[in-house]
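Peer 1: need the 3D shape of this:
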Amino acid sequence: MALTALGVAASATQLAAYGLTIISYIAKTSERVQNTPQEYHEYEVQLRNLVNTAQGIERNPALQTRNVKFQLDTISAEVRTLQSILCPAIGFEKNSCKKNWNIIYGSEQRKIAMHLKSLYQMNIALLLCITTSNTDQLSDVKGSINKLADQNIELEQETSEAGAAQGALRSMDVEGVAERLPLTCLQGDPTQSFGQAQMRIGPTAVDRQSKCSRSNMQVYLLIKL
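Peer 2: Modelled structure (predicted):
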């Protein structure tokens, strides 16, 4: 991935350099030659947009994909061809520039226009490729967010179920303690008096045993009498 990014950045840098060379040539020629066709000013704007796109790709690692590199390499080949026709190895002296422009305006104008129109179409393809790449990245991010949200919902459900289970266990423990309370109190602190224990646990088997003892005593006294 790192090597791919480096290759894309290099292709973008090269394309921007080619485009700036052509833009500079058109701008200087337009300044020195009167009656420059309006379409060349439009081509200059188009090339500036292409250069801006290439520079944006160079600065943005997220756009440095293989598909984008393929588009950049295709455009670079077309730009080099256009550069070889439009920007021959001559200086920008006034006479040379005018002479060169007259040659281009005559025999090469149609060929130049064809390459510039081709560049326009390639630039659209590049922008579509970038848009698709961004859409895929946004889709991946959205998918990751949805996955995290689902995991969070599952975690909340598990936490809620665990809390309910713990509450049920605590309720069962309280009921169990309540059932064992009289026996526990009877087997509790030996330092407590019988009265204290009785006050805590209320009527129990001890009370019933005491009543039975009193009844037996009454029967015994009646027999003695």
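Peer 1: going forward, measure contacts and count neighbours with C-alpha atoms only.
Peer 2: Fine.
Peer 1: check which element follows the helix or strand residue 29 falls within along the chain.
Peer 2: Taking DSSP states H and E as the definition, residue 29 sits inside helix 2-32. For helix 2-32, the following helix or strand on the C-terminal side (DSSP H and E) is helix 38-59.
Peer 1: hmm, who's touching that next one?
Peer 2: With C-alpha atoms under 8 Å, 6 or more residues apart in numbering as the test, helix 38-59 has contacts from 8-10, 12-13, 15-17, 19-20, 23, 26-27, 63-64, 72, 116, 120, 123.
Peer 1: recalculate using a threshold of 6 Å.
Peer 2: 9, 12, 16, 19, 23, 63 (C-alpha atoms under 6 Å, 6 or more residues apart in numbering).
Peer 1: same question, stretch 5-14
Peer 2: Stretch 5-14 has contacts (C-alpha under 6 Å, 6+ apart) with 54, 58, 64, 69.
Peer 1: give me that answer again for 8 Å
Peer 2: Counting by C-alpha under 8 Å, 6+ apart, 54-55, 57-59, 61, 64-66, 68-69, 72-73, 76 sit against stretch 5-14.
Peer 1: for stretch 114-128, same thing?
Peer 2: For stretch 114-128, contacts defined as C-alpha under 8 Å, 6+ apart pick out 43, 46, 50, 68, 71, 72, 74, 75, 78, 79, 82.
Peer 1: could I get those residues as CSV with distance to residue 135 and secondary structure?
Peer 2: Shown next, in CSV, are the contacts of stretch 114-128 (distance: C-alpha to C-alpha, whole Å; DSSP: H, G, I helix; E, B strand; the rest coil):
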residue, distance to residue 135, secondary structure
43, 29, helix
46, 25, helix
50, 21, helix
68, 14, helix
71, 17, helix
72, 19, helix
74, 23, helix
75, 23, helix
78, 27, helix
79, 28, helix
82, 32, helix
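Peer 1: now list the buried members of those residues.
Peer 2: For the contacts of stretch 114-128, a burial check counting by 16 or more other C-alpha atoms under 10 Å picks out 43, 46, 50, 68, 71, 72, 75, 78, 79, 82.
Peer 1: rewinding a little: now the helix holding residue 29: buried residues?
Peer 2: Neighbour-count burial for helix 2-32, counted by 16+ other C-alpha under 10 Å, picks out 5, 7-9, 11-23, 25-26, 29-30, 32.
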